[in-house]
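A.B. asks: Take this sequence and fold it.
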Amino acid sequence: MASLIEVRDMLALQGRMEAKQLSHALNTPQPMIDAMLLRLEAMGKALRIQEDADGCLSGSCKSCPEGKACLREWWMLA
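C.D. replies: This is a model prediction of the structure:
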């Protein structure tokens, strides 16, 4: 189980990562990583970056059955 400091350190080392990547790298359940990232964001230590879906063929991700699965969310240190 990773700590808040380990999540911050991993972001510092890697530059930017997705929550799924952090979860795998730190061997911690993703809901826990999501909570830690939200806490870091509230503290002003991390930034959330949402990437536009360049690969979306229809251009209508809002009506996508996967629920915006093509949108990527990255995290980096502030």
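
A.B. asks: Now do the SS call for the closest residue in space to residue 26 that isn't next to it in sequence.
C.D. replies: Among residues not flanking residue 26 along the chain, residue 2 sits closest, at 3.8 Å (C-beta to C-beta, 6 or more residues apart in numbering). Heads up, the C-betas are built off the backbone N, CA and C, glycines and all. Following DSSP: H, G, I helix; E, B strand; the rest coil, residue 2 is assigned to coil.

A.B. asks: Repeat that for residue 49.
C.D. replies: Under three-state DSSP, residue 49 falls in the strand class.

A.B. asks: Could you count how many residues lie near it?
C.D. replies: Look at residue 49: counted by other C-beta atoms under 10 Å, it has 10 neighbours.

A.B. asks: what's the answer for residue 25, then?
C.D. replies: 16.

A.B. asks: Number the chain from 240, please
C.D. replies: Sure thing, new numbering starts at 240, so read that last one as residue 264.

A.B. asks: was I right about it contacting residue 249?
C.D. replies: Yes - applying C-beta atoms under 8 Å, one finds residue 264 in contact with residue 249, separated by 6.2 Å.

A.B. asks: And for residue 279, nearest residue in space, chain neighbours not counted?
C.D. replies: residue 285 (3.7 Å).

A.B. asks: Relative to residue 250, how far out is the one you found?
C.D. replies: Distance from residue 285 to residue 250, counting by C-beta to C-beta, to the nearest Å: 7 Å.

A.B. asks: The top helix by length along the chain packs against which elements?
C.D. replies: When the chain is parsed with DSSP state H, its longest helix is helix 269-281. The helices and strands touching helix 269-281, judged by 3 or more C-beta pairs under 8 Å, 6 or more residues apart in numbering; DSSP states H and E, are helix 243-253, helix 258-265, strand 285-290.

A.B. asks: now those in JSON lines, with mean pLDDT and distance to residue 314?
C.D. replies: Output for the helices and strands packed on helix 269-281, formatted as JSON lines (pLDDT from 0 to 100; distance: least, C-beta to C-beta, whole Å):
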{"stretch": "helix 243-253", "mean pLDDT": "94", "distance to residue 314": "6"}
{"stretch": "helix 258-265", "mean pLDDT": "94", "distance to residue 314": "7"}
{"stretch": "strand 285-290", "mean pLDDT": "89", "distance to residue 314": "5"}
